[in-house]
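Novice: coords please:
(one chain, ligands or ions: 1)
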Amino acid sequence: MIIKNGKVALPGKDELSPVDIRVVDGKIAELGEDLTGDDEIIEARGMIVLPGGIDPHVHFDDPGFTDREDFYHGSCCSASGGITTVIDMPCTSIPPVTDLDNLREKLGVIEKKAVIDFGLFGGISPQSMAGGYPDNFRELSELVLGFKTYFISVMEFFSALNHFQFRGVLEKAKELGAIILLHAEDLSYVNAATDYYMKRGKAPIDYYRSRPEAAEVLAVANAVELAEEVGGDLHIVHVSTARAAEIIASSSVTCETEPHYLQFDIDDFIRLGSPLKTTPPVKKPGNKERLWQYLSDGRINFVASDHAPCPASGKETASIWTDYAGFPGSGTLLPYLFSEGYMKGRLSLRRLVEVASENAARRYGLYPRKGAIEVGTDGDLVLIDPDRTWTVEGEKFLSKGHITPFEGMELKGRVIRTIVRGTTVYDADRGIRVEGGYGRFLTGP
Ligand SMILES: [Zn+2]
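Specialist: Next up, the predicted model:
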């Protein structure tokens with residue numbers, strides 16, 4: 001395959017480069033001008049070519065919760081938004097990925113469904129540690145890209161770690177050379193505030209008040225302190241508060257944010273209601289501007305979607321307390337960053353590539369195989385037409401979920417083609433071009 005006449009985002013460059021890309025046997029074999037001599041020529045004139053997006057935080061719910069999402073629909077949705085690699089969370093499937101047998105069981109199901117490449121996170125909860133770590137924990141740690149943990153959780157089979165348990169987990173992970181990921185909201189604050197505000201209302205503002213800025217900042221400060229003391233390798237997922245990002249940036253801990261925290265605030269939550277219910281919730285005005293700034297200056301490492309759809313009924317329970325938290329976000333992740341970050345001048349080209357692809361690949365040991373357009377790396381590419389404006393319509397999502405807070409938003413830059421290892425997996429005119437099972441399981445270095 002040769003991708004001809006596109007403007008290409010090469011690693012570390014702030015200007016687009018007019019080079020052709022030759023992909024042979026799934027790998028980038030040559031970058032140069034006027035390449036010829038291949039059967040398959042992809043004309044990319046007028047288009048921007050980026051390394052395939054990496055969405056390092058999705059809940060594809062498979063197996064176990066496939067009424068909400070499955071690996072086929074989830075990965076198709078990602079592909080339609082220029083994502084070529086996802087990393088799936090361990091806790092929203094049955095069984096959860098807490099030991100090697102569970103991982104194999106899950107892999108046996110999802111390997112047949114993925115249309116793009118994927119990695120998995122393992123999980124550690126009080127339940128999974130009840131009898132000590134599983135015998136095969138080291139083997140598990142070599143197959144997963146990190147371990148997800150929670151300071152607060154409503155999941156019956158995957159509950160929160162207390163600070164003492166969390167310290168032990170950081171020590172164990174250090175011994176194994178593993179990364180710990182944390183959902184950081186303070187249990188004691190949120191539980192008490194939830195009791196209090198549940199009695200007073202069932203509107204978005206009540207839910208926000210149960211998990212305000214302080215709930216995240218307290219948890220992040222505690223987690224950072226423990227990680228620094230232990231020397232553990234910690235990553236905080238879905239940071240929604242500017243102050244939390246500042247605390248993380250002053251330490252060796254890394255973090256991600258999500259498009260909804262960059263785009264929306266509590267006023268939007270009051271207006272939109274349930275479609276924008278996420279955990280953590282969006283915060284007060286002022287946070288999102290600073291999150292953009294920190295994303296641009298490097299204090300926030302990368303962006304993920306936290307893709308978590310549900311059937312429409314899950315968003316229509318007539319109470320914000322019981323409505324499902326989450327929405328399908330993997331298909332809008334890269335288009336959002338391209339339109340609102342790069343096209344609006346908030347992110348340089350180089351920074352767009354870093355936060356949408358390269359940095360997650362580096363953090364989880366997939367670089368340089370993933371995350372860069374360089375000779376020898378996987379031929380994972382996305383072609384974007386920067387002149388096409390389109391409107392987000394949840395009904396057209398390839399996910400099982402169709403409710404999005406981005407509904408009706410106009411984005412500049414349309415994904416025209418998504419290529420994984422030299423094969424077109426999605427094109428804008430014809431849709432998904434491969435069967436489930438094309439996607440490969442990725443392990444660390
Ligand atoms: Zn999540």
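
Novice: Can you show me the strands along the stretch 101-250 of the chain?
Specialist: Using DSSP state E, counting those that start in this stretch, the strands of the stretch 101-250 of the chain run over residues 117-120, 122-123, 147-150, 180-183, 234-236.

Novice: any idea which helix or strand carries residue 42?
Specialist: If you go by DSSP states H and E, residue 42 is part of strand 41-43.

Novice: tell me what that strand is packed against?
Specialist: Applying 3 or more C-beta pairs under 8 Å, 6 or more residues apart in numbering; DSSP states H and E, we find strand 41-43 packed against strand 2-4. Quick note: C-beta positions are derived from backbone N, CA and C, even for glycine.

Novice: Distance from the chain centre to stretch 314-329, please.
Specialist: Centroid separation for stretch 314-329 versus its chain: 20 Å, with C-alpha atoms, centre = their mean, to the nearest Å.

Novice: For that stretch, what does the pLDDT average out to?
Specialist: Mean pLDDT, stretch 314-329: 96.

Novice: Please state the backbone phi and psi of the closest residue to residue 311 other than its chain neighbours?
Specialist: Leaving aside its chain neighbours, residue 311 sits nearest to residue 67 (6.2 Å; criterion: C-beta to C-beta, 6 or more residues apart in numbering). When read as degrees, to the nearest 10, the backbone of residue 67 gives phi -70, psi -20.

Novice: what does residue 33 give?
Specialist: When read as degrees, to the nearest 10, the backbone of residue 33 gives phi -90, psi 140.

Novice: Contacts only, for the spatially closest residue to residue 231 that is not a sequence neighbour.
Specialist: Spatially, and ignoring its direct neighbours in sequence, residue 231 is nearest to residue 174 (6.1 Å; C-beta to C-beta, 6+ apart). By C-beta atoms under 8 Å, 6 or more residues apart in numbering, residue 174 lies in contact with 230, 231, 232, 233.

Novice: ok, residue 174 to residue 141 distance?
Specialist: To residue 141, residue 174 is 11 Å away according to C-beta to C-beta, to the nearest Å.

Novice: now residue 393
Specialist: Applying C-beta to C-beta to residue 393 and residue 141 gives a distance of 41 Å.

Novice: Looking at the two, which is more packed in?
Specialist: Using other C-beta atoms under 10 Å as the criterion, residue 393 and residue 141 rank with residue 141 on top: 22 against 13.

Novice: Go ahead and confirm residue 433 touches residue 427.
Specialist: Yes - with contact defined as C-beta atoms under 8 Å, residue 433 counts as touching residue 427 (6.3 Å).

Novice: For residue 295, which non-adjacent residue is spatially closest?
Specialist: residue 355 (5.9 Å).

Novice: among the strands of the stretch 101-250 of the chain, which is nearest residue 417?
Specialist: strand 117-120 (16.5 Å; C-beta to C-beta).

Novice: who does that closest one touch, helix- and strand-wise?
Specialist: strand 83-88, helix 100-110.

Novice: again, 10 Å this time
Specialist: Helices and strands touching strand 117-120, as assessed by 3 or more C-beta pairs under 10 Å, 6 or more residues apart in numbering; DSSP states H and E, comprise strand 53-58, helix 71-80, strand 83-88, helix 100-110, helix 137-143.

Novice: could these be laid out in TSV, adding mean pLDDT and distance to residue 169?
Specialist: Shown next, in TSV, are the helices and strands packed on strand 117-120 (pLDDT from 0 to 100; distance: least, C-beta to C-beta, whole Å):
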stretch	mean pLDDT	distance to residue 169
strand 53-58	98	19
helix 71-80	98	27
strand 83-88	98	19
helix 100-110	97	18
helix 137-143	95	11
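
Novice: Just the buried residues of stretch 435-445, please?
Specialist: Judged by neighbour count (16 or more other C-beta atoms under 10 Å), stretch 435-445 contains these buried residues: 436, 438, 439, 440, 442, 444.

Novice: Now do it: distance from first to last residue.
Specialist: End-to-end distance for stretch 435-445, by C-alpha to C-alpha, to the nearest Å: 27 Å.

Novice: re earlier: return every residue with contacts to both of residue 433 and residue 427.
Specialist: 79, 417, 418, 419 (C-beta atoms under 10 Å, 6 or more residues apart in numbering).

Novice: What ranges does the stretch 301-445 of the chain have for its helices?
Specialist: 330-336, 349-353, 359-363 (DSSP state H, counting those that start in this stretch).

Novice: Just confirm the residue nearest to residue 295 contacts residue 257, I think it does.
Specialist: Yes - counting by C-beta atoms under 10 Å, residue 355 touches residue 257, with 9.2 Å between them.

Novice: Residue 76 contacts residue 431, doesn't it?
Specialist: Yes - contact criterion C-beta under 10 Å: residue 76 and residue 431 qualify, at 8.3 Å.

Novice: anything in contact with each of those two?
Specialist: Common contact partners of residue 76 and residue 431 (C-beta under 10 Å, 6+ apart): residue 398.

Novice: neighbour count winner among these two?
Specialist: Neighbours were counted for residue 76 and for residue 431 using other C-beta under 10 Å; residue 76 has more, 26 against 11.

Novice: Select, out of the helices of the stretch 301-445 of the chain, the one closest to residue 281.
Specialist: Between these, helix 330-336 lies closest to residue 281; by C-beta to C-beta that is 18.6 Å.

Novice: Just give me how far the closest one sits from the chain centre.
Specialist: The chain centroid and the centroid of helix 330-336 are separated by 10 Å under C-alpha atoms, centre = their mean.

Novice: what helices or strands is that helix leaning on?
Specialist: Helix 330-336 packs on strand 53-58, helix 71-80, strand 83-88, helix 259-263, strand 302-303, strand 381-391, strand 410-420, going by 3+ C-beta pairs under 10 Å, 6+ apart.

Novice: The same query, at a cut-off of 7 Å, please.
Specialist: For helix 330-336, the packing partners by 3 or more C-beta pairs under 7 Å, 6 or more residues apart in numbering; DSSP states H and E come out as strand 53-58, helix 71-80, strand 83-88, helix 259-263, strand 410-420.

Novice: Give me the contacts around that helix.
Specialist: Defining contact as C-beta atoms under 7 Å, 6 or more residues apart in numbering, one finds that helix 330-336 is touched by 53, 55, 58, 74, 77-78, 80-83, 86, 259, 303, 305, 307, 356, 382, 392, 397-399, 404, 406, 411, 413, 415.

Novice: Which positions in that helix come out as buried?
Specialist: If you call a residue buried by 16+ other C-beta under 10 Å, then helix 330-336 has these buried ones: 330, 331, 332, 333, 334, 335, 336.

Novice: Could you provide the shared contacts of residue 433 and residue 427 in a markdown table, with additional columns for distance to residue 288 and neighbour count?
Specialist: Shown next, in a markdown table, are these (distance: C-beta to C-beta, whole Å; neighbours: other C-beta atoms under 10 Å):
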| residue | distance to residue 288 | neighbour count |
| --- | --- | --- |
| 79 | 28 | 34 |
| 417 | 31 | 23 |
| 418 | 28 | 30 |
| 419 | 32 | 27 |
